[in-house]
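Colleague: For reference, the sequence and a predicted model appear below.
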Amino acid sequence: MKSNFFKKNDVSRSEAFKKDAEILVALEDSVLLQLAEHAKNVELARGDRETDQVREAAARALQVPRAQLDHALGLGAFFLRQFLRTGDASGDAPEDIVSDFRQIVSISDEKTASVTAFFKQLKKVVGEKAELEILRQQSALKSLPVLKSITTTVNYRAVFDDYFKPDADLVSYAPNCIGIIPVAIINLSFSEGLAQEVYFQADGRTIKILIDHLRALQREFEILRARYPTKEDESHASNT
């Protein structure tokens, strides 16, 4: 093995890795040359919904079926992390990665150039911008569980004028339904932690309180970034 990554990681036994690699290699050369930027977008996506949107946008832009492209994007995002300064491939040349890659999946001599170009582009994306963005995101999201997704539904709940009590006479229990009320059911899904899924209910007043608090939090966040801008904020401001 020529690369540090393949010396440190015995991925040859992973059927999932081999399948992803075979699908990636089978992509058209024109797709491979554009794949690195989309892999970066996948890596930087927040939560399941945004990740799905990014993958769907990539499938439309590259005109590749989602079922096929998802494997390639996942492998691309994986190697993107490996090319970070903290990754196992940080010092590896793309040529060495591809040389070791060929021991796991068959790559023709004609295809080797485009696969090498893909890994070069991945490393270039990391060096130019992605590394700082990924490290900042990892730093911002570490220590506590991260919200992956949120789903909501609205149910109608019946309102009765009486409720069954323990040891009451079931035969004579005949409450009147005096109406219905809407109730929101909210599900929060987290990346880790003791409670990876949390369900709770809320009425209209509670929903408004939540929205108001989140909008206030967003305003505080914007004020803080304006007061202590990052280099990326300053660069964006100078370009607009």
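Modeller: Everything's here; your move. Numbering: from 1, shown residues only.
Colleague: make it CA atoms for all contacts and neighbour counts henceforth
Modeller: Will do.
Colleague: State the number of residues packed around the residue lying closest to residue 7 once chain neighbours are set aside.
Modeller: Leaving aside its chain neighbours, residue 7 sits nearest to residue 1 (6.1 Å; criterion: CA to CA, 6 or more residues apart in numbering). Neighbours of residue 1 under the rule other CA atoms under 10 Å: 13.
Colleague: which SS class is the residue of the chain most remote from its centre?
Modeller: In the chain, counting by CA atoms, centre = their mean, residue 172 sits farthest out from the average C-alpha position, at 55.3 Å. Applying DSSP: H, G, I helix; E, B strand; the rest coil to residue 172 yields a three-state assignment of coil.
Colleague: Against residue 78, how distant is it?
Modeller: Going from residue 172 to residue 78 by CA to CA, to the nearest Å gives 65 Å.
Colleague: Same question for residue 199.
Modeller: Per CA to CA, residue 199 is found 32 Å from residue 78.
Colleague: any idea where the strands of the protein begin and end?
Modeller: Counting by DSSP state E, residue ranges of the strands within the chain are 147-160, 177-190, 197-202.
Colleague: May I see these organised as TSV, with distance to residue 133 and mean pLDDT added?
Modeller: As requested, those are exported to TSV (distance: least, CA to CA, whole Å; pLDDT from 0 to 100):
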stretch	distance to residue 133	mean pLDDT
strand 147-160	18	89
strand 177-190	22	92
strand 197-202	28	91
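Colleague: among those strands, which is nearest residue 87?
Modeller: strand 147-160 (23.8 Å; CA to CA).
Colleague: who touches the closest one?
Modeller: 46-49, 175-191 (CA atoms under 8 Å, 6 or more residues apart in numbering).
Colleague: any low-confidence regions in this protein?
Modeller: For the chain, the stretches with pLDDT under 70 are 128-132, 134-144, 192-195, 230-240.
Colleague: Which parts of it are helices?
Modeller: 4-8, 15-26, 29-44, 47-62, 66-82, 94-101, 109-125, 131-141, 204-227, 231-239 (DSSP state H).
Colleague: related to what we said a few turns ago, could the strands of the chain be laid out in CSV, adding distance to residue 90 and mean neighbour count?
Modeller: Supplementary listing: those in CSV, determined by distance: least, CA to CA, whole Å; neighbours: other CA atoms under 10 Å:
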stretch, distance to residue 90, mean neighbour count
strand 147-160, 28, 13
strand 177-190, 30, 14
strand 197-202, 35, 13
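Colleague: In CSV: the ones you listed, plus distance to residue 107.
Modeller: Below are those laid out as CSV (distance: least, CA to CA, whole Å):
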stretch, distance to residue 107
strand 147-160, 36
strand 177-190, 39
strand 197-202, 43
